[in-house]
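Colleague: Got a sequence here, can you build the structure:
(one chain, ligands or ions: 1)
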Amino acid sequence: MLYQRSSALFAEAQKYIPGGVNSPVRAFKAVGGDPIFVKKAKGAYLYDEDDNRLIDYIASWGPLILGHAHEPVINAVIEKAKLGTSFGMPTEIETQLAQLAVSMVPNIDKIRFVNSGTEACMSAVRLARGYTGKDKIIKFAGCYHGHSDSFLIQAGSGAVTFGSPNSPGVTEGTAKDTLLATYNDIESVRALVAANKGEIATVIIEPVAGNMGCIVPTEEFIKGLRELCTQEGILLLFDEVMTGFRLGKGGAQEALGIDADIVCFGKVIGGGLPVGAFAAKTEIMSHLAPEGPVYQAGTLSGNPLAMAAGLAMLTELNKKPEVFESLAKKTAYLHEGLDAVLKTKGVPYQINRFGSMISVHFTEDAVVDFDSSAKGNNETFKKYFHGMLQNGIYLPPSAFESYFLNDALTYGDIDETVAALKKVEL
Ligand code: PLP
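Modeller: Next comes the predicted model:
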């Protein structure tokens, strides 16, 4: 496959946009080569500026769970746009999406819409601090909660890909309030809680991690976390920006059988438009302005086009909850196929999977936390990524990212993916 026009467009973009992209992971720095510029997409396929067709395993980093340009979503946005794009005043559709989201997700009464997952997590932490009157937070190495200052401490995703898990520009003052624990290691959390008794507002976690590849929490760890937070009066904050409306109607709370105190959303809830949200029981949410003193706002929050896309998406998922099971089956099928071929390649590897999230790590040992994920062989990963790309398969361009399957993918597409892997030399 040729990517001439993409490379030319990238060269031009670099003249006017730092690094040529508006979000670092798009630049392919971890795998080398030029990024691909997309012209359009439909269902499971991306069509790039060189007219290559690629089978897409990223789905815009998660939002497009029903595939690209899904008609009910597109139609809802078109119809809404004809009525005006933004009012900065309340609209009925905000309540419709709020009501539907609250009815689908366990353990939440009220939800506030924002414009991104970053904003959702940043605002949720402020709410947790305002509610508890405490300053410190615990996060896990390798978890990514957006690019707000207090989260850029051993962050995963693009932050680690670019060698800046602790970004310059984050002050020491901010960093000192973020304490760092090890994923799947409850003792690391207990030790921090003991050393900071009565000072921790919240523990924020990706309940199934997707930003150091896909990492599944052990039952002992996630249950232990819930118990510890309850005992110590700490709010358990599930960052479900990836997992919300992906692992099931009720997201990771439902899939893992664990109640969180505050839940953040992004990606699927916006149907491919910029939406984030955070939600909790009324008792906590009533601390938020204008009802309470914790300030949070947004000119475009609850934007009608974004709400229309989100409402169309959640309506579809609510009507057809069997889609989550069907996606999980397709992901298991992909897992089996990749496993069968990788076995023959003579390189150590691990495949992690939960629901419709999956990742491949080229390492001997089980990948259970950031350190074990970071042991993956990036040279092998590069060959894997580029080999698949040459054969028309678009995988995340970094080993620190999960794949997100979408329901438009057919078993035939997955067979084509596995056949492509057979041709790749690792
Ligand atoms: N939280 C998680 C778990 C994420 O994966 C991401 C983004 O990938 C974010 C938060 C930030 O969301 P956004 O990129 O919409 O700001």
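
Colleague: So stretch 353-366, near the ligand or not?
Modeller: No. Using Cβ under 6 Å from any ligand atom, we find that stretch 353-366 stays clear of the ligand, coming within 10.7 Å at best. Bear in mind the C-beta positions are built from the backbone N, C-alpha and C, glycine included.

Colleague: tell me which residues in that stretch are buried?
Modeller: The neighbour-count check on stretch 353-366 (16 or more other Cβ atoms under 10 Å) flags Arg353, Phe354, Gly355, Ser356, Met357, Ile358, Ser359, Val360, His361, Phe362, Thr363 as buried.

Colleague: Now do the residue in the chain that the ligand sits nearest to against Ser23, distance only.
Modeller: Nearest residue of the chain to the ligand, counting by Cβ to the nearest ligand atom: Gly117, 2.3 Å away. Noted for Gly117: a distance of 12 Å to Ser23, by Cβ to Cβ, to the nearest Å.

Colleague: So those two - more neighbours on which side?
Modeller: Of the pair Gly117 and Ser23, Gly117 is the one with more neighbours under other Cβ atoms under 10 Å, namely 30 against 11.

Colleague: I'd like the distance between the more buried one and Gly276.
Modeller: From Gly117 to Gly276 the distance is 5 Å (Cβ to Cβ).

Colleague: With Ile111 instead?
Modeller: 11 Å.

Colleague: Likewise for Asp365?
Modeller: For Asp365, the distance to Gly276 equals 35 Å [Cβ to Cβ].

Colleague: give me every residue that touches Val31.
Modeller: By Cβ atoms under 8 Å, 6 or more residues apart in numbering, the residues touching Val31 are Phe381, Lys382, Phe385, His386, Pro397, Ser398.

Colleague: Test my guess that the first one contacts Ser359.
Modeller: The reference is to Phe381. No. With contact defined as Cβ atoms under 8 Å, Phe381 does not count as touching Ser359 (10.4 Å).

Colleague: Once you drop chain neighbours, what's closest to the residue of the chain closest to the ligand?
Modeller: Gly266 (3.0 Å; Cβ to Cβ, 6 or more residues apart in numbering).

Colleague: and that neighbour, how many residues sit next to it?
Modeller: Using other Cβ under 10 Å, Gly266 is surrounded by 28 other residues.

Colleague: Quick check: it touching Gly272?
Modeller: No. Taking Cβ under 8 Å as the definition, Gly266 is not a contact partner of Gly272, at 11.5 Å.

Colleague: Tell me who's in contact with Ala44.
Modeller: Ile55, Asp56, Gly67, His68, Asn406, Ala408, Leu409, Thr410, Asp413.

Colleague: What is the most widely separated pair among those?
Modeller: His68 and Thr410 (14.1 Å; Cβ to Cβ).

Colleague: what about those two, which has more around it?
Modeller: His68 (22 against 13).

Colleague: Was I right to think the more buried one contacts Asp56?
Modeller: Yes. Taking Cβ under 8 Å as the definition, His68 is a contact partner of Asp56 at 7.2 Å.

Colleague: anything in contact with each of those two?
Modeller: With Cβ under 8 Å, 6+ apart as the test, His68 and Asp56 both reach Ala41, Ala44, Tyr45, Leu46, Asn406.

Colleague: Can I get the buried ones among those residues as something I can paste into ChimeraX?
Modeller: Filtering the shared contacts of His68 and Asp56 down to the buried ones (16+ other Cβ under 10 Å) takes a single ChimeraX command:
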select :41,44,45,46,406
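
Colleague: ranges for the helices of the stretch 151-300 of the chain?
Modeller: 158-161, 172-175, 186-195, 219-232, 251-256, 282-285 (DSSP state H, counting those that start in this stretch).

Colleague: Export those helices as CSV, with columns for mean pLDDT, mean neighbour count and distance to the ligand.
Modeller: CSV is the format used below for the helices of the stretch 151-300 of the chain (pLDDT from 0 to 100; neighbours: other Cβ atoms under 10 Å; distance: least, Cβ to the nearest ligand atom, whole Å):
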stretch, mean pLDDT, mean neighbour count, distance to the ligand
helix 158-161, 65, 24, 8
helix 172-175, 87, 11, 17
helix 186-195, 98, 16, 18
helix 219-232, 98, 16, 15
helix 251-256, 98, 22, 10
helix 282-285, 98, 16, 19
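
Colleague: could you dump those helices to CSV with distance to Leu334?
Modeller: Formatted as CSV, the helices of the stretch 151-300 of the chain follow (distance: least, Cβ to Cβ, whole Å):
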stretch, distance to Leu334
helix 158-161, 23
helix 172-175, 39
helix 186-195, 31
helix 219-232, 25
helix 251-256, 19
helix 282-285, 38
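
Colleague: Out of the ones you listed, which gets nearest to Val208?
Modeller: helix 251-256 (5.5 Å).

Colleague: check contacts around the closest residue to Tyr131 other than its chain neighbours.
Modeller: Nearest residue to Tyr131, sequence neighbours excluded (Cβ to Cβ, 6+ apart): His287, at 5.0 Å. Listed by Cβ under 8 Å, 6+ apart, the contact partners of His287 are Leu127, Gly130, Tyr131, Pro293, Val294.

Colleague: The residue of the chain closest to the ligand against Glu240, yeah?
Modeller: No. Assessed by Cβ under 8 Å, Gly117 is found out of contact with Glu240, at 9.4 Å.

Colleague: and this structure, which of its residues are near the ligand?
Modeller: 61, 116-118, 121, 144-146, 157, 206, 210-211, 239, 241-242, 266, 276.

Colleague: The buried residues of stretch 353-366 in strands, which ones?
Modeller: Among those, the ones falling in strands (DSSP state E) are Arg353, Phe354, Met357, Ile358, Ser359, Val360, His361.

Colleague: ok so Val125 is a helix residue?
Modeller: Yes. Read with DSSP: H, G, I helix; E, B strand; the rest coil, Val125 is one of the residues of a helix.

Colleague: from what I can see it touches Ile137, true?
Modeller: Yes. With contact defined as Cβ under 8 Å, Val125 reaches Ile137; the gap is 5.9 Å.

Colleague: The host helix or strand of Ile78 packs against which elements?
Modeller: For Ile78, the element it lies in under DSSP states H and E is helix 71-81. Judged by 3 or more Cβ pairs under 8 Å, 6 or more residues apart in numbering; DSSP states H and E, helix 71-81 is in contact with helix 304-319.

Colleague: May I have the helix it packs on exported as PDB, CA atoms only?
Modeller: Taking C-alpha atoms only, helix 304-319 is exported to PDB below (Å, rounded to 0.1, in the frame of the first residue of the first chain):
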ATOM      1  CA  PRO A 304     -27.200  20.300  21.000                       C
ATOM      2  CA  LEU A 305     -25.300  18.500  18.200                       C
ATOM      3  CA  ALA A 306     -23.200  16.600  20.700                       C
ATOM      4  CA  MET A 307     -26.300  15.700  22.700                       C
ATOM      5  CA  ALA A 308     -28.100  14.500  19.600                       C
ATOM      6  CA  ALA A 309     -25.200  12.200  18.700                       C
ATOM      7  CA  GLY A 310     -25.000  10.900  22.200                       C
ATOM      8  CA  LEU A 311     -28.800  10.400  22.500                       C
ATOM      9  CA  ALA A 312     -28.900   8.500  19.200                       C
ATOM     10  CA  MET A 313     -26.000   6.300  20.300                       C
ATOM     11  CA  LEU A 314     -27.300   5.400  23.700                       C
ATOM     12  CA  THR A 315     -30.800   4.900  22.400                       C
ATOM     13  CA  GLU A 316     -29.400   2.300  20.000                       C
ATOM     14  CA  LEU A 317     -27.400   0.600  22.700                       C
ATOM     15  CA  ASN A 318     -30.300   0.600  25.100                       C
ATOM     16  CA  LYS A 319     -32.600  -1.000  22.500                       C
END
